[in-house]
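Colleague: Structural data only, the sequence is not supplied:
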């Protein structure tokens, strides 16, 4: 009898260990995941990844997401985990699913892999984490900070909704500004409340929502442009791409990040032709299109190097 008891106890302990060390379940159905989170109120962690080509994505999965520490944290915080993969291996994913993932990538302005969005079940993100961390502990600290942002936002919105009129408007604006500026346009429910109290759009949030839609459309335009001019390198192909890019720059409705990207493309074309003064001109134009952005700051070394090349040739 005693042996039976310990045998059963051993089986139960083994089962418990298996459960504790089990990898968390990642949902790949976007609609299903958001529907679940919408009903339960759970936070959603969305991983935009290139599982078969992106070194940072592979590191993030192996050294952070597949660890027991992350699994416990995700369980303790009741995360709905979503993987949006962008594989390059042919046949690994149905084309229609990959196309849908690309639409989501444009919708949320994802341009770097890996990127993780923390969001609510209504699709409104409250935090973005770009790239992996060296250790799982460092990454969990970032998730902890995201959770604190979520809590502060909920508390601020609840407090604002207890008020009326101008006071409510001001508190709602203060609440949404707890989020990074690039995530604010996705708070559609909050923006709708603010817009109802601010019909003249003095705070500019209605405009931000429209800007997010325009930016997604212009990112699609750029994707189509790159696909059109992809392929084997040739002087004719470079010239054709450059001419089309110059025509695109004439459009007045281009948003700053897109104008920067196109001007940089034109500059690269001139650099290939060894027309360094023109290359520098368009590098400066790219930087000035969106001067406070990280992308613009990354152009400074290019501008300095191009200026040095020009000075040497004088």
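Modeller: Looks like it arrived, so ask away. Model, not experiment: these values are computed from the prediction. Numbers count the residues shown, from 1 in each chain.

Colleague: moving C-terminal of the lengthiest helix in the chain, what's the next helix or strand?
Modeller: Looking across the chain with DSSP state H, the single longest helix is helix 136-161. Reading on from helix 136-161 to the C-terminus, the next helix or strand found by DSSP states H and E is helix 165-176.

Colleague: ok, residues contacting whatever helix or strand comes next after that next one?
Modeller: Downstream of helix 165-176, the next assigned helix or strand under DSSP H and E is helix 188-197. Here helix 188-197 makes contact (Cβ atoms under 8 Å, 6 or more residues apart in numbering) with 122, 124, 157, 165-166, 168-169, 172-173, 175-176, 184-185, 201, 203, 205-206, 208-209. From N, CA and C alone the C-beta is placed, and that goes for glycine too.

Colleague: Give the buried residues for helix 188-197.
Modeller: 190-191, 193-195, 197 (16 or more other Cβ atoms under 10 Å).

Colleague: Same question for stretch 294-308.
Modeller: 295-296, 299, 302-303, 306.

Colleague: Between all of those residues, which two are at the greatest distance?
Modeller: 295 and 306 (16.6 Å; Cβ to Cβ).

Colleague: Just the buried residues of stretch 146-156, please?
Modeller: For stretch 146-156, by 16+ other Cβ under 10 Å, it's 146-147, 149-150, 153, 156.

Colleague: ok, the most centrally placed residue in the chain to residue 201 distance?
Modeller: The centroid of the chain falls nearest to residue 110 when counting by Cα atoms, centre = their mean (3.5 Å). Remark: distance between residue 110 and residue 201 (Cβ to Cβ, to the nearest Å) = 27 Å.

Colleague: circling back to that earlier point, okay if I get the buried residues of stretch 294-308 as a markdown table plus secondary structure?
Modeller: Putting these into a markdown table (DSSP: H, G, I helix; E, B strand; the rest coil) gives the following:
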| residue | secondary structure |
| --- | --- |
| 295 | helix |
| 296 | helix |
| 299 | coil |
| 302 | helix |
| 303 | helix |
| 306 | helix |
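
Colleague: which one of the residues you listed sits closest to residue 80?
Modeller: residue 295 (31.4 Å).

Colleague: The closest one reaches residue 260, doesn't it?
Modeller: Yes - counting by Cβ atoms under 8 Å, residue 295 sits close enough to residue 260 to count as a contact (5.7 Å).

Colleague: and the residue lying closest to residue 182 once chain neighbours are set aside, what does it touch?
Modeller: Among residues not flanking residue 182 along the chain, residue 109 sits closest, at 6.6 Å (Cβ to Cβ, 6 or more residues apart in numbering). Listed by Cβ under 8 Å, 6+ apart, the contact partners of residue 109 are 182, 212, 215-216, 219.

Colleague: hang on, residue 109 is in a strand, isn't it?
Modeller: No - read with three-state DSSP, residue 109 is coil and lies in no strand.

Colleague: Confirm residue 83 sits in a strand?
Modeller: Yes - the assignment for residue 83 is a strand, going by three-state DSSP.

Colleague: Could you count how many residues lie near it?
Modeller: Neighbourhood size, residue 83 [other Cβ atoms under 10 Å]: 18.

Colleague: How about the contacts made by it?
Modeller: Neighbours of residue 83 in contact, by Cβ under 8 Å, 6+ apart: 26-28, 47, 49.

Colleague: got it, and residue 272?
Modeller: residue 238.

Colleague: And for residue 307?
Modeller: residue 280.

Colleague: which SSE is it in?
Modeller: Going by DSSP H and E, residue 307 is part of helix 300-313.

Colleague: mind listing the strands for this protein?
Modeller: Per DSSP state E, the chain carries strands over the ranges 44-49, 80-85, 115-119, 125-130.

Colleague: now the ones you listed as JSON lines including mean pLDDT and distance to residue 139?
Modeller: Shown next, in JSON lines, are the strands of the chain (pLDDT from 0 to 100; distance: least, Cβ to Cβ, whole Å):
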{"stretch": "strand 44-49", "mean pLDDT": "98", "distance to residue 139": "11"}
{"stretch": "strand 80-85", "mean pLDDT": "98", "distance to residue 139": "14"}
{"stretch": "strand 115-119", "mean pLDDT": "98", "distance to residue 139": "9"}
{"stretch": "strand 125-130", "mean pLDDT": "96", "distance to residue 139": "8"}
